[in-house]
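Peer 1: Sequence isn't available, so here's the structure alone:
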DNA sequence: ACCTCCTATGTCACTCTTGACATATGCTTC
DNA sequence: GAAGCATATGTCAAGAGTGACATAGGAGGT
C-alpha cells in the first residue's frame, strides 16, 4: 500500500486529504484505499523516513499537512518498481457467481450479466475519453519514458484493456444464457 | 468466501482437503484460499446449517470429513448467484508499478514487463488448451445452462479473456519502453 | 440560529487473509 | 529404521482493509 502513496507523492507534494481523493477511486485505476488507511500509513512512512510533512495554514478551510517524498523514499520506490512481482491473487465476485450460474434462474442471470456488461462498457467509454483527451493534450509527453504522464497513460491503457475484455465476456455469457433460454436449456 | 466453498459442494461432496486442493490455485481461476481459511469456514457454514459432514474412514490414509451442501445451503447459494454485485476493488501490483515506471531504469522495466508478458502468455495457452479439451470432451454440455460444465467453461472464458488482455498490455508497454530507449527517451 | 456540505485529520472494531506452527497416518525410498 | 512425502485437519498471530465513529473549521443556504 505504501508504494501507492509514494507513487503519488513522487509526482507532487500532497496532503492526506489530497491522497484520499486520488486513492478513493483508484490510482491509475488499479488500487484504492480509504482515508482510514491513508493517515496511519503516512505516519508509518514518515517514521521510516520515506516522507516528510509541513503544516500549511489556510484561511478559508482547516489547516493541512502537506507530505513530500524524501530521497530515501524515492530510492525505495525506484527499487520497488522494477523488482519482481509474485503472481498475486485475483478475486472477482462476478466470476465466482458465474461458477455457480448453472443453479440460477437463467433470466435473472441474464439480467445480472447484461447489467454488468453495461457498467463495464460505461467505464470503458470513460477511460477511452480520458485516453483521447490525454493524447490530444499531452501529445509528445506520452512518448517520454521519464514523464509521469507516460506512466499514467500506461495504467489507463490497462484499464481500457481490462474493461474491454470484461465487457466482451459479459456479453458473451449473457448471449449464451439467452440462447440457452430460447433453445429450451440445450443447444437449439 | 463461503460461497466459493458452497459453489464447489453444490457440484459434489468434498472433504476439507479436497476443497483445499481446488481452492489453493483458484476456483474457476478467480478465487483462492489456503486450508487455514477453509477449515474454519466449513465449521462456520456447518454452524449455519449450510453444509453437513460425515466422517469417512480410510485404510491407507487418515480419515476424512466429507462435506455435503444442505437444502438451506443450496437455496442460499442460488439466491446469491443472481443477487447484484457491488463494484468491487481491483488491486494489481504490476499496474501500480506501471504508475511509477517513469522513475525506473527503462531496461529493467522492459525485463519486468517482458517477463510478465511471457507468464501471462503461458497461462493463456494453458487455459486455451483446457478450453479446447472441454469443447472436445464435454461437447453439448457446454450449451446446457443447468450443467456445471457450462459454468466452469464460462469462468474459463473469463480467464482466457483476462490473460489475453494482460498479455497484450504487457507487450504494448514493453514495446513502448523499448522504442523509447532506442529513441533516446522521447519519440524517435 | 440551524443545517448541510466540503475540507481536513484521526481512531477503533471488525473482518478477511496469509503464513507459520502443530499433529497424525501411512506409504515409499534410501 | 530413518527420512521424506502426500493425505488430512486444525490453531494462532499478524497484517491488510473496511466501515463506522469522532472532531473541527468554514462556507452557503433557509
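Peer 2: That came in fine, so what should we check first? The model shown is predicted, which means the values in this text are computed figures rather than measured ones. Numbers count the residues shown, from 1 in each chain, chains lettered A, B, ... in the order given.
Peer 1: Now residue A:73: which helix or strand?
Peer 2: helix A:71-81 (DSSP states H and E).
Peer 1: whoops, residue A:17 was the one
Peer 2: helix A:16-23.
Peer 1: Low-confidence regions, chain A specifically.
Peer 2: Low-confidence segments of chain A, defined by pLDDT under 70: A:25-28, A:181-188.
Peer 1: Neighbours of residue A:176, how many?
Peer 2: 21 (other Cβ atoms under 10 Å in any protein chain shown). From N, CA and C alone the C-beta is placed, and that goes for glycine too.
Peer 1: For it, give me its contacts.
Peer 2: Applying Cβ atoms under 8 Å, 6 or more residues apart in numbering or on different chains, we find residue A:176 in contact with B:143, B:145, B:150, B:154.
Peer 1: before we move on, what SS does it have?
Peer 2: helix (DSSP: H, G, I helix; E, B strand; the rest coil).
Peer 1: how is chain A carved up into domains?
Peer 2: Domain assignment for chain A by automatic domain parsing gives A:2-81, A:93-183.
Peer 1: Residue A:55 and DNA strand C, how far apart?
Peer 2: Taking Cβ to the nearest atom of the strand, to the nearest Å as the measure, residue A:55 falls 8 Å from DNA strand C.
Peer 1: How about the contacts made by that residue?
Peer 2: A:63, A:64, A:65, A:66.
Peer 1: In chain A, mark out all the strands, start to finish.
Peer 2: A:14-15, A:51-56, A:64-69 (DSSP state E).
Peer 1: Include neighbour count and distance to DNA strand D when you put the contacts of residue A:176 into a markdown table, please.
Peer 2: As requested, the contacts of residue A:176 are exported to a markdown table (neighbours: other Cβ atoms under 10 Å in any protein chain shown; distance: Cβ to the nearest atom of the strand, whole Å):
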| residue | neighbour count | distance to DNA strand D |
| --- | --- | --- |
| B:143 | 19 | 33 |
| B:145 | 23 | 32 |
| B:150 | 23 | 28 |
| B:154 | 23 | 26 |
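Peer 1: Against chain A, which of the residues you listed make the cut? List them.
Peer 2: B:143, B:145, B:150, B:154 (Cβ under 8 Å from any Cβ of the partner chain).
Peer 1: For chain A, what lies in contact range of DNA strand D?
Peer 2: Listed as neighbours of DNA strand D in chain A under the rule Cβ under 7 Å from any atom of the strand: A:1, A:32, A:33, A:34, A:35, A:36, A:37, A:59, A:60, A:61, A:62.
Peer 1: burial measure for the fifth one, as a count.
Peer 2: Right, the one you point to is residue A:35. As a burial measure, residue A:35 scores 14 neighbours (other Cβ under 10 Å).
Peer 1: Also the last one?
Peer 2: With neighbours defined by other Cβ under 10 Å, the count for residue A:62 comes to 7.
Peer 1: mind checking how far it is from chain B?
Peer 2: Going from residue A:62 to chain B by Cβ to the nearest Cβ, to the nearest Å gives 29 Å.
Peer 1: For that residue, what are phi and psi?
Peer 2: Per-residue torsions, residue A:62: phi -60, psi 150 (degrees, to the nearest 10).
Peer 1: show me the contacts for residue A:31.
Peer 2: A:4, A:23, B:91, B:92, B:95, B:96.
Peer 1: List the contacts of the residue lying closest to the fifth one once chain neighbours are set aside.
Peer 2: What that stands for is residue B:95. Spatial nearest neighbour of residue B:95, chain neighbours left out: residue A:30 (3.7 Å); criterion: Cβ to Cβ, 6 or more residues apart in numbering or on different chains. Contact partners of residue A:30, counting by Cβ under 8 Å, 6+ apart, are A:155, A:158, A:159, B:90, B:91, B:92, B:95, B:96, B:99.
Peer 1: can you check residue A:77 too?
Peer 2: Here residue A:77 is in contact with A:3, A:6, A:7, A:10, A:69, B:100, B:103 (Cβ under 8 Å, 6+ apart).
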